[in-house]
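J.: Turn this into a structure:
(one chain, ligands or ions: 1)
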Amino acid sequence: MTSTSAAVRLDHVVFSYSDTMVRFDVTFAPGEITAIMGPSGAGKSTLLNLVAGFETPREGRVLIGDMDVTTAPPADRPVSMVFQENNLFSHLDIEKNVGLGRSPALRLSAADRQDVAAALARVGLAGMEKRLPRELSGGERQRVALARVLVRDRPILLLDEPFASLGPALRGDMLDLLAGVQAERRMTVLFVTHQPEDARKLAENMVFVESGAVAVAGKTADFFTTSGPEAFRHYIGSER
Ligand SMILES: Nc1ncnc2c1ncn2[C@@H]1O[C@H](COP(=O)(O)OP(=O)(O)OP(=O)(O)O)[C@@H](O)[C@H]1O
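T.: Numbers count the residues shown, from 1 in each chain. Next comes the predicted model:
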């Protein structure tokens with residue numbers, strides 16, 4: 001089971017909430033991880049919501065590979081999403097929460113159940129199938145969300161500060177897990193984070209969003225040199 005890599009493109013997209021307008025014209029490299037950084041309120045979550053289909057552009061197009069998904073409902077897009085929290089249904093055990101990635105009605109074949117078990121083992125949660133989300137730590141809950149991504153097996157993964165509420169050591173473990181999973185599946189990953197070191201560790205590419213638009217896009221390594229973009233250096237508080 002392998003997702004096929006696909007680019008994500010926002011082609012001259014314009015979108016507005018009541019008093020905020022964003023304009024995005026950007027392409028995310030297929031099969032790679034791109035960190036999306038920028039000040040609070042810059043429009044990072046809005047960008048992910050446009051790709052996921054929770055918001056629809058007023059102008060422009062959203063493309064996933066060759067597919068124009070501009071007006072497609074979220075369920076029809078080849079996308080998985082993990083938020084900072086509340087990814088799981090509290091009344092369903094872990095196995096069912098992961099199974100939802102395969103069948104929203106939880107009609108699971110024997111092969112589906114095997115995939116659920118394999119995904120839970122892959123994220124280090126074998127044996128916890130019957131627990132409820134409240135019986136897990138915050139880090140374990142995010143592992144469950146990742147296991148669901150694995151059984152869903154879509155080519156695009158959107159992550160909105162998924163590890164922000166975890167301590168540094170745990171965050172490091174989760175980044176390693178995510179890097180491993182991405183290397184196996186070659187998903188196109190858009191990873192919103194406020195942590196420069198997370199971007200540096202995980203993401204080959206970086207998109208810096210400011211005031212509702214992409215201010216700079218490039219290789220992550222270039223952002224961290226002394227001649228990296230000034231807006232980014234200012235944002236991370238570096239005077240280098
Ligand atoms: N549902 C909404 N209705 C109206 N305005 C909204 C809505 N969601 C976001 N906004 C506004 O759109 C702008 C961009 O918000 P967004 O959540 O995309 O920013 P962000 O970069 O993800 O911020 P943060 O880093 O704080 O999560 C903000 O000014 C915000 O107040």
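J.: Beyond the longest helix seen in the chain, next helix or strand please.
T.: Assignment by DSSP state H gives helix 168-185 as the longest helix of the chain. Using DSSP states H and E, the next helix or strand after helix 168-185 towards the C-terminus is strand 188-192.
J.: Now do that next one: distance to the chain's middle.
T.: 4 Å (CA atoms, centre = their mean, to the nearest Å).
J.: Just the CA atoms of that strand, as PDB, please.
T.: Extracted in PDB, the C-alpha atoms of strand 188-192 (Å, rounded to 0.1, in the frame of the first residue of the first chain):
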ATOM      1  CA  THR A 188       3.200  15.400   0.200                       C
ATOM      2  CA  VAL A 189       3.200  16.900   3.700                       C
ATOM      3  CA  LEU A 190       2.200  20.500   4.600                       C
ATOM      4  CA  PHE A 191       3.300  21.000   8.200                       C
ATOM      5  CA  VAL A 192       2.300  24.200  10.000                       C
END
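J.: and it, what other elements does it pack with?
T.: Counting by 3 or more CB pairs under 8 Å, 6 or more residues apart in numbering; DSSP states H and E, the packing neighbours recorded for strand 188-192 are strand 33-37, helix 44-52, strand 156-160, helix 196-202. Any C-beta I mention is one placed from the backbone N, CA and C, and that applies to glycine too.
J.: so which of the ones you listed gets nearest the ligand?
T.: Of all those, it is helix 44-52 that lies closest to the ligand, at 3.4 Å by CB to the nearest ligand atom.
J.: Can I get the helices and strands packed on strand 188-192 in JSON lines including distance to the ligand, mean neighbour count and mean pLDDT?
T.: Formatted as JSON lines, those follow (distance: least, CB to the nearest ligand atom, whole Å; neighbours: other CB atoms under 10 Å; pLDDT from 0 to 100):
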{"stretch": "strand 33-37", "distance to the ligand": "8", "mean neighbour count": "25", "mean pLDDT": "98"}
{"stretch": "helix 44-52", "distance to the ligand": "3", "mean neighbour count": "22", "mean pLDDT": "97"}
{"stretch": "strand 156-160", "distance to the ligand": "7", "mean neighbour count": "24", "mean pLDDT": "97"}
{"stretch": "helix 196-202", "distance to the ligand": "14", "mean neighbour count": "19", "mean pLDDT": "94"}
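J.: would you turn these into TSV with distance to Gly127?
T.: Shown next, in TSV, are these (distance: least, CB to CB, whole Å):
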stretch	distance to Gly127
strand 33-37	30
helix 44-52	32
strand 156-160	26
helix 196-202	28
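J.: if we can go back for a sec, can you give me the mean pLDDT across the longest helix of the chain?
T.: Across helix 168-185, the average pLDDT comes to 93.
J.: Repeat that for stretch 145-155.
T.: Stretch 145-155 shows a mean pLDDT of 96.
J.: who touches that stretch?
T.: Residues outside stretch 145-155 that contact it (CB atoms under 8 Å, 6 or more residues apart in numbering): 1-6, 64-65, 78-80, 82, 87-88, 97-102, 112, 115-116, 119-120, 122-123, 125, 157, 162, 177-178, 181, 185, 187-188.
J.: Ser165: what's it in contact with?
T.: 84-85, 138.
J.: So it, which state does it fall into?
T.: Under DSSP: H, G, I helix; E, B strand; the rest coil, Ser165 falls in the coil class.
J.: Any figure for the gap between it and Arg171?
T.: Going from Ser165 to Arg171 by CB to CB, to the nearest Å gives 9 Å.
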